[in-house]
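Peer 1: the following comprises the amino acid sequence and a computationally predicted model.
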Amino acid sequence: MVLILCDNAYGMIKWKQDHMRFNSFGLDFGNPDFVKYAESYGATGHRVTSADELLPLMQQCNDASGVHLIEVPIDYLDNDRILNREIRELSARV
């Protein structure tokens, strides 16, 4: 099983630059259709559309034979909320 975290950008770098108030340049791009790409090589491709789908799909792929690729869309906006605000607030209480 192969997991591809897909954000159509150098998302982690972009997120860190945004947080440090740097301008972004050349970090966004388009990706191929990884599901079709996997299928073109004889693997089975899957695309997750919600977080609730991921664990059951991983179990299904693990139980099945062959190569399975799972494309997982990633949104780094949650990183900012969790890492830059919520963890700081929780740490300050300790």
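Peer 2: Yep, that arrived. Numbers count the residues shown, from 1 in each chain.

Peer 1: now the strands: where do they sit in this protein?
Peer 2: Counting by DSSP state E, the segments of the chain that form strands are 2-6, 44-47, 68-73.

Peer 1: in the last one, which residues are buried?
Peer 2: The reference is to strand 68-73. Under the neighbour-count criterion of 16 or more other CB atoms under 10 Å, strand 68-73 has 68, 69, 70, 71, 72 buried. Just so you know, the C-beta spots here come from the backbone N, C-alpha and C atoms, and that holds for glycine as well.

Peer 1: coming back round to it: want to throw the strands of the chain into CSV with mean pLDDT and distance to residue 12?
Peer 2: Rendered in CSV, the data for the strands of the chain read as follows (pLDDT from 0 to 100; distance: least, CB to CB, whole Å):
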stretch, mean pLDDT, distance to residue 12
strand 2-6, 93, 9
strand 44-47, 98, 21
strand 68-73, 96, 14
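
Peer 1: can you lay out those strands as TSV showing distance to residue 21?
Peer 2: Supplementary listing: the strands of the chain in TSV, determined by distance: least, CB to CB, whole Å:
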stretch	distance to residue 21
strand 2-6	25
strand 44-47	34
strand 68-73	26
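
Peer 1: cool, thanks, signing off.
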